[in-house]
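Peer 1: Pasting a predicted model and its sequence here:
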Amino acid sequence: EAQVTQNPRYLITVTGKKLTVTCSQNMNHEYMSWYRQDPGLGLRQIYYSMNVEVTDKGDVPEGYKVSRKEKRNFPLILESPSPNQTSLYFCASSFLTQRETQYFGPGTRLLVL
Amino acid sequence: AQSVAQPEDQVNVAEGNPLTVKCTYSVSGNPYLFWYVQYPNRGLQFLLKYITGDNLVKGSYGFEAEFNKSQTSFHLKKPSALVSDSALYFCAVRKGDTGTASKLTFGTGTRLQVTL
């Protein structure tokens, strides 16, 4: 089954404790992206990647890092999480020429205390 | 900078009635416009898109949207709402004719509530 998977689905952590949210897709998509969803703000793009070893900042990259060592994986790293990073995070992927039909993962709900 | 406005946080409609979810956009050049739906505890799902051609585009689940260039709008419509249409709807835009370079910008979302 074609899908985007994210782990963990739910996470409670404390300020400053490094964490990684994994994202994996099995559709051989070149394009992958991370979004955060906050009430009243909709979806905002954090980082995106157009292919292996090619990443770029989205609208709200501060406090986040990403890597794209393999085509299928695009982990999101919070080196020193802060409470303002409490949010719902979505990973998405698509073929590079079909970014409008992005496949979204199920979401990761993060609470930073 | 490109942007999307969804002026209504929530739209309430009775089942069987027509529904409209509004979206206006701002982008330089030709727009590519999209609608996505998010059901509870799920990621976004693509509904429909306008790239070029006919201003009325049809998508999944009986939804359609009308592109209006003069009003810079791309309202989502359905002739007869179902309770199962209740969800969060997002409009999105990206700049067309730029190949793979342009990014997708989402609106803040409109919650559609369909009641019996």
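Peer 2: Perfect, I can see it now.
Peer 1: going forward, measure contacts between C-alpha atoms and count neighbours the same way
Peer 2: OK.
Peer 1: burial measure for the closest residue to chain A within chain B, as a count.
Peer 2: Relative to chain A, the nearest point of chain B is B:Thr108 (3.6 Å; CA to the nearest CA). B:Thr108: 25 surrounding residues under other CA atoms under 10 Å in any protein chain shown.
Peer 1: got it, and B:Glu15?
Peer 2: With other CA under 10 Å as criterion, B:Glu15 counts 17.
Peer 1: Just to check, A:Arg44 is in contact with A:Ser33?
Peer 2: No: A:Arg44 is beyond contact range of A:Ser33, at 10.5 Å (criterion: CA atoms under 8 Å).
Peer 1: between those two, which one's more packed in?
Peer 2: A:Ser33 (26 against 22).
Peer 1: quick one, what contacts B:Phe106?
Peer 2: A:42-44, B:3-4, B:90-93 (CA atoms under 8 Å, 6 or more residues apart in numbering or on different chains).
Peer 1: Repeat the analysis, applying 10 Å as the threshold.
Peer 2: Residues near B:Phe106 by CA atoms under 10 Å, 6 or more residues apart in numbering or on different chains: A:41-45, B:2-6, B:25, B:33-36, B:90-94.
Peer 1: What subset of the residues you listed is buried?
Peer 2: Applying 16 or more other CA atoms under 10 Å in any protein chain shown to these, the neighbour count classes A:42-45, B:4-6, B:25, B:33-36, B:90-94 as buried.
Peer 1: Skipping adjacent residues, who's closest to B:Glu66 in space?
Peer 2: Nearest non-adjacent residue to B:Glu66, counting by CA to CA, 6 or more residues apart in numbering or on different chains: B:Leu56, 4.5 Å away.
Peer 1: coming back round to it: the residue of chain B closest to chain A: what secondary structure?
Peer 2: Following DSSP: H, G, I helix; E, B strand; the rest coil, the label given to B:Thr108 is coil.
Peer 1: quick one: it and B:Leu76, what's the gap?
Peer 2: Using CA to CA, to the nearest Å, one gets 15 Å for the distance from B:Thr108 to B:Leu76.
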